[in-house]
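> structure for the following, please:
(one chain, ligands or ions: 1)
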Amino acid sequence: MDLHAAIGPGTEVAEGARGCVLQVPGNCSGLLPPGAARFSCKENIVRKEPVQVNYLVAIKAMSEQELPGLLILDIGGTYGVQENIVALLKKHFCLITMKEFLENKKEMSKKIQSVFVFECRPTVDQELLESLPNLKVIGNSGVGVDHLNLKMISNFGVKVTNTPHAVADSTADIGMALMLASARRLVEGSQIAISPHTKYFAVDWLGVEVSRATLGIIGMGRIGYKVAQRARAFDMKILYHNRKQRRKEEELAVGAHYCEKMEDLLQQSDFVMLVVNLTPETHKMIGKKELGLMKPTATLINIGRGALIDQDSLVEALQNNIIRAAALDVTYPEPLPRDHPLLKLNNIIITPHIGTATVQAVQMMAEEAIANMLAVLNGQPIPNYGRRSTLWTFGK
Ligand SMILES: O=C(O)C(=O)CO
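Residues are numbered from 1 along each chain as shown. The predicted model follows:
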């Protein structure tokens, strides 16, 4: 065997190291390159003196050609992903662009074992799945997988992974940013300040305060909880509603109150934030009736998916001041057509689905997706990061 390196406890594995790990008794997973395969071997095989460790790890050098083939489902450009992400992926995979795949389908299709879906946008269709006989895993970079037909994918024996941990902070931040921006009418304020006609800063309109207001979080998952942690610093009263599970631990940690009925949360909140996945059950969960329950002074914030809200009802509610304002990071479609009525309103802020658009989140999502994909390829459990990991297999 071609041994590249031998290491013991406390030894740092160089960034980008890859290969096979031999004999790893005890818990030293923190030392291992993500997805490194484990084999047991006789203790003395790679021992070199002096050795003060009780185990040895050997890393077998792998050539570029030996790395598993990864198809990047690009959304533009060569790879459609940032250069640093390409470099990160290249350490573990032999990258194949859609263009290369289409130009040389016969050779490429056998090589491809994984597909990387960047930022939740492109989807994987049946035709693509049929042309990839060795595909084992689709690594979605992002938490939402509503753009993927999980049932169809699983019928091909392919697993889907997502990156719920990497997205949590940046998405919670955008929720807070939208809430504050809408409350304090930041966009209007900015337009006034930069207008060439502004001679002085005349505020003939007022915002509302977030401090001590009531925030209703619909969906106390990872992101919802991070929102609650942040809201606490603003002395907000926090209500939450979960469709399936009450979260007593989180309630205690952030002092949140559980509303069994979503209606109660809608009636009591000054700000309502949607942080749920889009599923057939949550599709258009906020419609005319729900908007009608909200206070006329309340603001609706959506950082989940556009189709959680019935947009026609939202237009009507905003036009008729049924609610004060809305702040949306997600809409349907994305982007909205230029003549969409939502774009004509002044009591709305819309951002172009930028929940994870930070240098740090993009990097962490790629790292999490890589670790997930390598785990599946190596037949290992998906890394847990201390909480429930997500892997869709539909029993396969
Ligand atoms: O991770 C996702 O699914 C997102 O949409 C982040 O905004």
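> in which helix or strand does the residue in the chain that the ligand sits nearest to reside?
Nearest to the ligand, among the residues of the chain, is residue 355, at 2.4 Å (Cβ to the nearest ligand atom). Backbone N, C-alpha and C define where each C-beta goes, glycine included. For residue 355, there is no host helix or strand (DSSP states H and E).
> do you know the pLDDT at the closest residue to it other than its chain neighbours?
Closest residue in space to residue 355, ignoring its immediate chain neighbours: residue 171 at 4.0 Å, by Cβ to Cβ, 6 or more residues apart in numbering. Note on residue 171: pLDDT of 98.
> next up, the contacts around residue 171.
Going by Cβ atoms under 8 Å, 6 or more residues apart in numbering, residue 171 touches 143, 223, 226, 275, 303, 355, 356, 361.
> show me those that map onto helices.
Taking DSSP state H, the ones among those that sit in helices are 223, 226, 361.
> about what we covered before: tell me the one among the contacts of residue 171 nearest to residue 289.
Relative to residue 289, the closest of those is residue 275; by Cβ to Cβ it sits at 20.6 Å.
> now do the same contact list for that closest one.
When contacts are counted by Cβ under 8 Å, 6+ apart, residue 275 touches 171, 175, 217, 218, 219, 220, 221, 223, 224, 227, 303, 304.
> pretty sure the fourth one sits against residue 271.
What that stands for is residue 218. No. With contact defined as Cβ atoms under 8 Å, residue 218 does not reach residue 271; the gap is 11.2 Å.
> ok, back up a step: now the contacts of residue 275 in JSON lines, with distance to the ligand?
Converted to JSON lines, the contacts of residue 275 look like this (distance: Cβ to the nearest ligand atom, whole Å):
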{"residue": "171", "distance to the ligand": "5"}
{"residue": "175", "distance to the ligand": "10"}
{"residue": "217", "distance to the ligand": "16"}
{"residue": "218", "distance to the ligand": "16"}
{"residue": "219", "distance to the ligand": "13"}
{"residue": "220", "distance to the ligand": "17"}
{"residue": "221", "distance to the ligand": "12"}
{"residue": "223", "distance to the ligand": "9"}
{"residue": "224", "distance to the ligand": "13"}
{"residue": "227", "distance to the ligand": "13"}
{"residue": "303", "distance to the ligand": "7"}
{"residue": "304", "distance to the ligand": "8"}
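> where does the stretch 251-396 of the chain dip in pLDDT?
384-396 (pLDDT under 70).
> ok, which residues in it are in contact with the ligand?
Residues of the stretch 251-396 of the chain lying close to the ligand (Cβ under 6 Å from any ligand atom) are 353, 355, 356.
> repeat that for 8 Å
Selection of the stretch 251-396 of the chain residues close to the ligand by Cβ under 8 Å from any ligand atom yields 303, 304, 305, 329, 330, 353, 354, 355, 356, 357, 365.
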